[in-house]
Every structure is written in structure tokens, then in C-alpha cells.
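# The following block contains a protein sequence and its predicted model.
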Amino acid sequence: MFICYSFIGKLPEYIIDTIYQARLFFKGDIYLILDDFKSPYLQKIKDFRVNLIPYKDVINNDFLDICKKRGDKIAVMNGLGHRRLLFLRSMERFFLLENLMKKQNLENILFLELDNLIYQDPNIWQENLDDVEFTFLHDNDKRISTGLMYIKNTQSINIITENLKSYVSNEQGFISEMGGNWLVKDKAYFLPTYWENEKYNKMTFQNYDKFNSIFDAASIGWYLYGSDKFHDCGRKNPWGEIDYTIHRYEWIEDEEGRRKPYIVKDNEKILINNLHIPCKELNPALSKPLN
């Protein structure tokens, strides 16, 4: 398995935290697609043995042309500063990854957004994913989270990119990556974000018995560390289906002294495989301090 990140624009400092955390659990190849080669954080990133991929080498101009034609439908969030093109970049990253996979003949990719921290070696998940094209996390009705996702090969990611091209070309409402990927949910394998509960969509728990652990679509990280500063919505994610505020959480050190988060169900402690942290302050959630 490989890990890949993509960020176009000025690299945020938390890029160091997320890659450092990945290195605590993962020894394989890590790729970062970027265009900010003047970033002061590059040397530290290189210390973590990261393959830096220039944006210009994997850019997909056909998709950007489609977006230009629908520019009035793709929101620009000026309040996010350097992340103001969030709605464009969140879709574009799939096309960048697809070109990288083709160029370097890569398969079995764990695709991570920068505000995600992992707490288990993703190779452990591979045995449940051998026959899977790609994974999603269910966030709510018509909302798919891809903050953490597995993609098998170029044929698999092509399902996503072809759908996004059609979606951006034809959608008459608000255009978002979450909404676009919802259209191919029937072709996805859903990683568990909860255990079986009749209150919630079965996509949240249909594969829980295979992992006996859960993944965070964003609402756990939101509750534990707060929302994106652009939003001031309290401790519960108002867009997420599941109410994680009713649970207790514990941090437990493993045999290597790495802190890992658990959600408590009755008296059972269930590992949370990742935390998606919208506030972008990742340091408090690291498994070991970063020197």
C-alpha cells in the first residue's frame, strides 16, 4: 500500500504533523502532490522520506477547462484565505492522483486529506480491501467523506473522475465534491464509522464486523478538537448524521508508546483508526510529541 496527499496552494504548517503521524504507523512510500516548492516546511517533509510530485507533472487541464465553464457554480470561499479554492481543489485532487497512478504504475493507494491523522498501519486494513474498488465514509444523506479513502487502481479511480466530469458539467445546483461522489456510492465500499444502530444509515456500520474499529468522517475530530475556524457551530458537526457527543473517549498507549484514541461503547473500547480534524490544529492529537 502507498499513501498519497495532494495540496495545491501555500502549504499549511500542519502538513508536518499529518505526515509525521503517518510515519509513526507506516513505513511504505508516501507521495505529496504540490506546487509550493518555496515552502519553509519542505525540508522537514523530506526528512520523513516523502516523494514530492510537482503539480505541473500531473495536472489535468481537461478537467480545469470544464470547471472554468461552470465557474459560476463552483464556490470561491474568500474567508478561507489560501484555501479559498477549496471546492475546486477537493475535486481536482482525484484527477491529479489518477495521473500520478498512471505515470508511476501505482496501485493500492490510501488517499488522505491533510487534516487526517491515522492511528493504525493501513496495511492491516488491506486484507478486507483486496476485492474493493474504492472506499467512502458516510457522513450524511448525499454527503460522502473522502478525507480517508482506499483506491485499488487506475480503473477504480477512473470511475470517480469520469463521474466528477459529468457531475460538474451538468449539475444545476451547488457543486461540491461530497455531492458529486454521492452519485457513485453504489460502487463504493463503506468503511465503518459506527457500529450497528437502527437510528443511522446502514452505510455507517455495514462493514463494522470486518474491522471491529471505526473511521472518522470528521464529526469525531470536530467534537474533540473543534470546527473549522470558518464555522462556529458548536461541538457537534451540524452536517454529520451521527451524534458522537454522547460518547466517552479515551487515549491509550500501545506497546510502542503511541497514544491512540478509543470511543467507549458501554464497557467496550473501540479503536478510532483516524481522526479528521476540521480545525486544522493537529498537534494535540499526535500519538507522540513532534520534536
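Everything's here; your move.
# for the longest helix along the chain, which positions count as buried?
Longest helix of the chain, by residue count under DSSP state H: helix 86-104. By neighbour count with 16 or more other C-beta atoms under 10 Å, helix 86-104 contains the buried residues 86-101. Every residue, glycine included, has its C-beta placed from N, CA and C.
# Which helix or strand lies directly C-terminal to that helix?
Following helix 86-104 in sequence order, the next helix or strand is strand 109-112 (DSSP states H and E).
# list the contacts for residue 137?
By C-beta atoms under 8 Å, 6 or more residues apart in numbering, residue 137 lies in contact with 144-149, 190-191, 193, 215-217.
# Pick the one among the buried residues of helix 86-104 closest to residue 204.
Nearest to residue 204 out of the buried residues of helix 86-104 is residue 90 (C-beta to C-beta; 21.7 Å).
# how about residue 135, what does it touch?
Residue 135 touches 129, 149-151, 188-191, counting by C-beta under 8 Å, 6+ apart.
# Of the residues you listed, which pair is most distant in space?
Going by C-beta to C-beta, the pair spanning the contacts of residue 135 furthest: 151 and 190, at 14.3 Å.
# Quickly note the distance from the closest residue to residue 197 other than its chain neighbours to residue 19.
Excluding its sequence neighbours, the residue lying closest to residue 197 (C-beta to C-beta, 6 or more residues apart in numbering) is residue 205, at 6.6 Å. Residue 205 sits at a distance of 30 Å from residue 19 (criterion: C-beta to C-beta, to the nearest Å).
# Neighbour count: these two, which is higher?
A direct count of neighbours by other C-beta atoms under 10 Å for residue 205 and residue 19 places residue 19 higher, at 23 against 19.
# Next SSE downstream of whichever strand or helix holds that one?
Per DSSP H and E: residue 19 is located in helix 14-25. Next helix or strand after helix 14-25 toward the C-terminus (DSSP H and E): strand 30-34.
# Determine the set of other helices and strands touching that following strand.
Applying 3 or more C-beta pairs under 8 Å, 6 or more residues apart in numbering; DSSP states H and E, one finds that strand 30-34 contacts strand 2-7, helix 14-25, strand 50-54, helix 55-58, helix 86-104.
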